[in-house]
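Asks: from the sequence below, what's the structure:
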Amino acid sequence: MVSQQVSNLFTREVRSDWIRLRTLIILRWLAIAGQTAAVVFAVFYLELAIPFRVCLLVITPAILFNLLATFVLPSNKRLSEREAMLSLLFDLCQLVVLLYLTGGLHNPFVLLILAPVTIAATALTLYATVVLSLTALGMISVLSFFYMPLTRLSGEILELPRLFVGGMWVALSIGILFLAIYARRVTGEMFSMSQALSATQMALAREHQLTALGGVVAAAAHEMGTPLATIKLASSELALELEEGSDLREDALLIEEQADRLRQILRDMGRSGKDDLLLKHAPITAIIREAAEPHENRGKEMIFLVNGAAEDPLATDTPIVPRHAEIIHGIRNLVQNAVDFSTAVVLVDITWDETSVRIMVGDDGDGYPHDLLDRIGDPFISKRKKQVRGDQADDAYHGMGLGLFIAKTLLERSGAELTFANAAADTKGKYALDPRLRGAIVNVRWQRDGFEEDAHALRKALGPNQQF
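Replies: Below you'll find the predicted structure:
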């Protein structure tokens, strides 16, 4: 769904009804005030012989337009793509007529022609933006030849040299095209980022909901323990008093059996819920294995290393870090991406020293495209292709980069720094932990100061382990 919305970012379905009528009304009032002040200043202070009454007559339709829109239409109305385009075309034509009466391209306020084009580029579809841009280009071309020159009361004509007029036309043309392209690009990136952040918030909210659900299950298992014990006791006593082989005795035994089964189910669920509630800190190796667990049985060999070697279950120096949903979900997304694009092997290496904790996730796939490597982690840019599965290859799949963006955003919230690379391009042997690793590499690094601070405080509060 997200990819579809982003790919159709500038269509009517996505971009329509973005502009409030009230917004355009306010902007138009500001333009009316500015135009009126400029005309009055030019006539009474600069003593220019411009058609004062005609200029006020040109400004009047904008005033009537605003009054009509204010009193007839609701203030919370949002304009459709067609309505917004026509409104901006009206503003553009009104401005051009006023410029025709006041010197054309010799008038410095000709730069205001860029305003409707910029609004269209940021809020309307490509069709509307092209219509307004071409209209603006055509109108400035007409104004470069046809206009009423600025004249003083003394009869002196104020005109720029033709070279400067030509330069103004070129500058306005480039400005219209540049602002249209630039504004659309920035708006597209902002919309993509907004969609990706929404997906990130949804993923994080889901993790928190699962954690909260575990707590509810733990509480339910605790509260239902006593009623189930009472049911079991009562059914056992009834079974002892009833005649052997009777239907009622078999029913009582069945109730006792089902009570035992329900208590076992609640005990298992409650244990999981208590883990979510009470296990706020854990060894980094346990957290990484928990994050990778859903993807361990997907037909790929997953290798776990600790400091470049097999994990030592008796190690006592393993960092104890917060068991946050951001960390688990972020690492899980990195592992999922590696499994999706690997051929046969995914490697997860956990290392630490006195200053940092690092996690490396690599695969033996094709790696990241070289032309996009510096943009990995931004949403909607990935072009990695999935590997051949069986007799079919999904050549149409290019990915949207959303999973990596979510992982990067969540892990950076926990204080991590992420770097992306290709093992095949490594010349210093930095990632040569396994000769089969020739694909993508993701490195996650935390500074131990602060990252383990809460864990140290917890261990200090609990005190040393007591031997029984």
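Asks: return the distance of Phe41 relative to Phe52.
Replies: Remark: distance between Phe41 and Phe52 (Cβ to Cβ, to the nearest Å) = 11 Å. (Glycine included, C-beta is placed from N, CA and C.)
Asks: meant to ask about Thr129, not that
Replies: Taken as Cβ to Cβ, the span from Thr129 to Phe52 is 35 Å.
Asks: so between the two, which is more surrounded?
Replies: Thr129 (24 against 15; other Cβ atoms under 10 Å).
Asks: which pLDDT does the model give the more buried one?
Replies: Looking at Thr129, its pLDDT reads 86.
Asks: what's the answer for Asp275, then?
Replies: 49.
Asks: now Gly104
Replies: 87.
Asks: nearest residue to it in space, please, no chain neighbours.
Replies: Tyr147 (2.8 Å; Cβ to Cβ, 6 or more residues apart in numbering).
Asks: three-state assignment of that neighbour?
Replies: coil (DSSP: H, G, I helix; E, B strand; the rest coil).
Asks: please name the residues that touch it.
Replies: Going by Cβ atoms under 8 Å, 6 or more residues apart in numbering, Tyr147 touches 99-100, 103-106.
Asks: before we move on, what about Val345?
Replies: 300-301, 303, 363-364, 434, 436-437.
Asks: now it: phi and psi?
Replies: phi -130, psi 140 (degrees, to the nearest 10).
Asks: please enumerate the strands of the stretch 301-450 of the chain.
Replies: Listed in chain order, the strands of the stretch 301-450 of the chain (DSSP state E, counting those that start in this stretch) span 301-306, 320-322, 345-352, 356-363, 417-422, 440-447.
Asks: what's the fifth one packed up against?
Replies: Under the contact definition 3 or more Cβ pairs under 8 Å, 6 or more residues apart in numbering; DSSP states H and E, strand 417-422 sits against helix 402-413, strand 440-447.
Asks: so what strands line up beside the shortest one?
Replies: Put plainly, it is strand 440-447. Using DSSP bridges, strand 440-447 pairs in its sheet with strand 356-363 (antiparallel), strand 417-422 (antiparallel).
Asks: will you turn these into a markdown table that also has mean neighbour count and mean pLDDT?
Replies: Output for these, formatted as a markdown table (neighbours: other Cβ atoms under 10 Å; pLDDT from 0 to 100):
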| stretch | mean neighbour count | mean pLDDT |
| --- | --- | --- |
| strand 356-363 | 23 | 90 |
| strand 417-422 | 17 | 86 |
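Asks: quick one: which of those strands is nearest Leu163?
Replies: Across the strands paired with strand 440-447, Leu163 has its closest neighbour in strand 417-422 (51.2 Å, Cβ to Cβ).
Asks: which residues sit against the closest one?
Replies: By Cβ under 8 Å, 6+ apart, the list of residues contacting strand 417-422 reads 367-368, 370, 373, 376-377, 404, 407-408, 411-412, 431, 439-446.
Asks: buried subset of those as a PyMOL selection?
Replies: Those of the contacts of strand 417-422 that count as buried under 16 or more other Cβ atoms under 10 Å are selected in PyMOL with:
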select buried, resi 367+368+376+377+404+407+408+411+431+439+440+441+442+443+444+445+446
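Asks: and the helix or strand where Ala120 lies, what does it pack onto?
Replies: Assigning secondary structure by DSSP states H and E places Ala120 in helix 114-123. Judged by 3+ Cβ pairs under 8 Å, 6+ apart, helix 114-123 is in contact with helix 81-101, helix 126-143, helix 162-241.
Asks: now do it against helix 81-101, angle only.
Replies: Between helix 114-123 and helix 81-101, the angle comes out at 170 degrees (axes from the mean of the first three to the mean of the last three Cα atoms, to 10 degrees).
Asks: lowest average pLDDT across the helices and strands packed on strand 417-422?
Replies: helix 402-413 (a mean of 78).
Asks: just the pLDDT for Ser16.
Replies: Per the predicted model, pLDDT is 47 at Ser16.
Asks: and if you look at Val321?
Replies: Per-residue pLDDT puts Val321 at 83.
Asks: residue contacts, it?
Replies: Contacts for Val321 (Cβ under 8 Å, 6+ apart) come out as 281-284, 287, 327, 357, 446, 451-452, 455.
Asks: in helices, which of these appear?
Replies: The helices, defined by DSSP state H, take in 284, 287, 327, 451, 455 from these.
Asks: can I get these in JSON lines including distance to Leu64?
Replies: Listed next are the ones in helices among the contacts of Val321 as JSON lines, based on distance: Cβ to Cβ, whole Å:
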{"residue": "Ile284", "distance to Leu64": "70"}
{"residue": "Ile287", "distance to Leu64": "67"}
{"residue": "Ile327", "distance to Leu64": "61"}
{"residue": "Phe451", "distance to Leu64": "64"}
{"residue": "Ala455", "distance to Leu64": "69"}
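Asks: closest to Ala310 out of the residues you listed?
Replies: Ile284 (15.9 Å).
Asks: and the helix holding Ala120, how far from the chain's centre?
Replies: With Cα atoms, centre = their mean, to the nearest Å as the basis, helix 114-123 stands 24 Å off its chain's centre.
Asks: average pLDDT for it?
Replies: On average, helix 114-123 scores 85.
Asks: with just CA atoms, put that helix into CSV.
Replies: The C-alpha coordinates for helix 114-123 follow below in CSV (Å, rounded to 0.1, in the frame of the first residue of the first chain):
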residue,chain,number,x,y,z
LEU,A,114,6.7,32.7,-10.0
ALA,A,115,4.3,32.4,-7.1
PRO,A,116,1.4,30.5,-8.8
VAL,A,117,3.8,28.1,-10.5
THR,A,118,5.5,27.3,-7.2
ILE,A,119,2.2,26.6,-5.5
ALA,A,120,1.1,24.3,-8.3
ALA,A,121,4.4,22.4,-8.2
THR,A,122,4.1,21.8,-4.5
ALA,A,123,0.3,21.0,-4.3
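Asks: residues touching it, excluding its own?
Replies: With Cβ under 8 Å, 6+ apart, helix 114-123 has contacts from 15, 18-19, 84-85, 88-89, 91-92, 95, 128-129, 132-133, 136, 172, 175-176, 179-184, 186-187.
Asks: tell me where the stretch 301-450 of the chain is predicted with low confidence.
Replies: 311-316, 377-402, 425-434 (pLDDT under 70).
Asks: in which helix or strand would I find Asn66?
Replies: Using DSSP H and E, Asn66 falls in helix 52-72.
Asks: that helix to helix 81-101, inter-axis angle?
Replies: Using the same axes, to 10 degrees, helix 52-72 lies at 160 degrees relative to helix 81-101.
Asks: mind listing what's buried in helix 52-72?
Replies: For helix 52-72, a neighbour-count test (16+ other Cβ under 10 Å) marks 55, 58-59, 62, 65-66, 69 as buried.
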